[in-house]
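**Q** Sequence and computational prediction follow.
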Amino acid sequence: MAGKKRKQQLQQQQKPQHRLALDADDDSVVSKKIARHSKQHQKGDKMISSDLSSKILKESLNQQKEILREEEAELDHAAFSQVDNSDPEEKSDDGSYDFDGFSETISAHDLGVEEINEEDEAALAAFFGNDAGPQLTLSDIIIKKIKEKDVQASSEERPMPMFDDGVIDIYKKVGNVLSRYTSGKVPKALQRIAIMERWEEILYITEPEKWSPNAMYQATRIFASRLNPKKAQRFYKLVILPRVREEIQKNKRLHRALYEALKKSLYKPAGFFKGILFPLCQSQTCSLIEAHIIGSIIQKVSIPPLHSSVALMTLADMNYYGTTSFFIKLLVEKKYALPYRVLDALVAHFMRFLEDERAMPVIWHQTLLAFVQRYKNELTKADKNNLDRLLQHQKHYLVTPEIRRELKNSRLRGEKGDITSQAPLISVLNKPIEEDRWDIPDVPMEED
């Protein structure tokens, strides 16, 4: 052992100085690597501290919330596809849709509407006012605003709003494309209108009154999904409604694309009622064909009960015109569970005609019958007494007896029905017999 140690010492003494320095460097590098590894290990231990773990948990929770939001968005999109009752559309990568176009037309005859004779038209004309103004369009409002601000523009037929010439040229070209549009993808500039602050003025530049029916459908699909309810209401009232009414009045029928645009507009129910149905009833000029075509959409498309309840209250408070009863009847026949406040408003609506000297049209009596048939068990005793007084003044030889029969065979609000009297006989006959083996009745036996 002593010899080996001496041999190693001699070898070290014989080594050159630069070799000794390299060995020392190697030892220091190794020691530094070990120290660095230990420090990194220590840092790794610090990275899994309680503070950092809480941050990780928070981040994971945020990611889960994002996933839930995406799932909810997908569910909303699926619900929308069920509400609008339209065929699925294939969306491309650039956000536009491949559209094949519509070519058919919708008429009152296609919707099963009977022909209206001159006597019926004259009877309903008595309920229309003569002071109704013309239907306002988007162009009318924008032109009025421009002329109020710019004196020089008052002499022009169609003045342009204050935009760059490049923006005006672009959207004039968009309007030119939409006026000839039949199918395919729409310009992306149309999709950007929905996110602009002055979207109404930009839309005015495209001249929407000249759009083709298929372009109107595509624009409605875009704006119904991207505009908020208030802006959607403006688009429906100033663009869609005037175009639909003009088409019906001119051709006595409605293009299929415009009919589908009306169905798409119900994606925003509040916008549909405030932008299409209420202005149509308030215009005092709604024709029977218009009422039947728009009413068919209310029948076909599912509408949230809350929006329908508000619509019924609004229609009940309006000044009465012939077609108002028609829309009330359609909403009542959807058989919602209406709040008592809405039922009271409808009863008050009918009681307004207690002292009316006019002979009410048949649709008014049919609406009252539909209301009583659906909600007769939710009326109070006072409501039924008031309706009975109303039926003594407003009569129809076929409908009034049915209304009285429905009111008579009904219970009051809050009362429970007689279950025994309403139970079918077959349920009693088919009821299984229960026996108790410990309680066997005495059976008389024959004596031997």
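**A** Received, thanks. Residues are numbered from 1 along each chain as shown.

**Q** Only C-alpha atoms from now on, for both contacts and neighbour counts.
**A** Will do.

**Q** nearest residue to K210 other than its sequence neighbours?
**A** With C-alpha to C-alpha, 6 or more residues apart in numbering as the criterion, K210 has its nearest non-adjacent residue at 5.6 Å, and that residue is S179.

**Q** do you know how far F273 is from S287?
**A** According to C-alpha to C-alpha, to the nearest Å, F273 and S287 sit 18 Å apart.

**Q** Could you count how many residues lie near E402?
**A** By the criterion of other C-alpha atoms under 10 Å, E402 has 15 neighbours.

**Q** Now do it, the pLDDT please.
**A** Per-residue pLDDT puts E402 at 94.

**Q** can you check the one 5 residues further on too?
**A** Per-residue pLDDT puts L407 at 92.

**Q** and it, what does it touch?
**A** 372, 376, 384 (C-alpha atoms under 8 Å, 6 or more residues apart in numbering).

**Q** Secondary structure element holding the first one?
**A** To tie it back to what came earlier, the one meant is V372. V372 belongs to helix 362-375 when assigned by DSSP states H and E.

**Q** packing partners for that helix?
**A** The contact analysis (3 or more C-alpha pairs under 8 Å, 6 or more residues apart in numbering; DSSP states H and E) places helix 362-375 against helix 322-332, helix 399-408.

**Q** Let me have the ones you listed in JSON lines, extended by distance to A348.
**A** Listed next are those as JSON lines, based on distance: least, C-alpha to C-alpha, whole Å:
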{"stretch": "helix 322-332", "distance to A348": "14"}
{"stretch": "helix 399-408", "distance to A348": "17"}
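
**Q** returning to that earlier point: list of residues touching the following helix or strand past the helix holding V372?
**A** Sequence order places helix 381-393 as the next helix or strand after helix 362-375, per DSSP H and E. Contacts to helix 381-393, defined as C-alpha under 8 Å, 6+ apart, come from residues 347, 351, 353-355, 400, 404, 407, 412-413.

**Q** and those residues, which are buried?
**A** Buried positions within these, assessed by neighbour count (16 or more other C-alpha atoms under 10 Å), are 347, 351, 353, 400, 404, 407, 412.

**Q** The closest residue to the second one other than its chain neighbours - how many residues pack around it?
**A** In other words, M351. Distances taken as C-alpha to C-alpha, 6+ apart put L390 closest to M351, at 6.6 Å, once the chain neighbours are dropped. Using other C-alpha under 10 Å, L390 has 17 other residues around it.

**Q** cool, and K268?
**A** For K268, the neighbour count with other C-alpha under 10 Å is 19.

**Q** In the protein, where is pLDDT below threshold?
**A** Applying pLDDT under 70 to the chain flags residues 1-98, 103-104, 106-134, 151-156, 417-448.

**Q** ok, back up a step: out of F273 and S287, which sits in the busier spot?
**A** Taking neighbours as other C-alpha under 10 Å, F273 and S287 compare with F273 leading, 22 against 18.

**Q** Give me the phi and psi for the residue nearest to K210.
**A** Phi and psi for S179, reported as degrees, to the nearest 10, are phi -70, psi -20.

**Q** thought it was touching T206?
**A** No. Assessed by C-alpha atoms under 8 Å, S179 is found out of contact with T206, at 9.1 Å.

**Q** if you count what's nearby, which of the two comes out ahead?
**A** Set S179 next to T206 and count neighbours by other C-alpha under 10 Å: T206 wins out with 23 against 20.

**Q** for the more buried one, what are its contacts?
**A** Shown in contact with T206 (C-alpha under 8 Å, 6+ apart): 171-176.

**Q** Take those residues and, keeping just the buried ones, write it as a ChimeraX select command.
**A** Remark: buried members of these, expressed as a ChimeraX selection using 16+ other C-alpha under 10 Å:
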select :171,172,174,175,176
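
**Q** need the contacts of T206 in TSV with distance to Q191 and secondary structure, can you?
**A** Listed next are the contacts of T206 as TSV, based on distance: C-alpha to C-alpha, whole Å; DSSP: H, G, I helix; E, B strand; the rest coil:
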residue	distance to Q191	secondary structure
Y171	12	helix
K172	15	helix
K173	14	helix
V174	11	helix
G175	13	helix
N176	16	helix
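
**Q** Out of the contacts of T206, which is nearest to F235?
**A** Nearest to F235, judged by C-alpha to C-alpha, of these is G175 at 16.1 Å.

**Q** nearest residue to the closest one other than its sequence neighbours?
**A** Once flanking residues are discounted, G175 sits nearest to T206: 4.0 Å by C-alpha to C-alpha, 6+ apart.

**Q** Dihedrals phi and psi, that neighbour?
**A** Main-chain dihedrals, T206, degrees, to the nearest 10: phi -80, psi 0.
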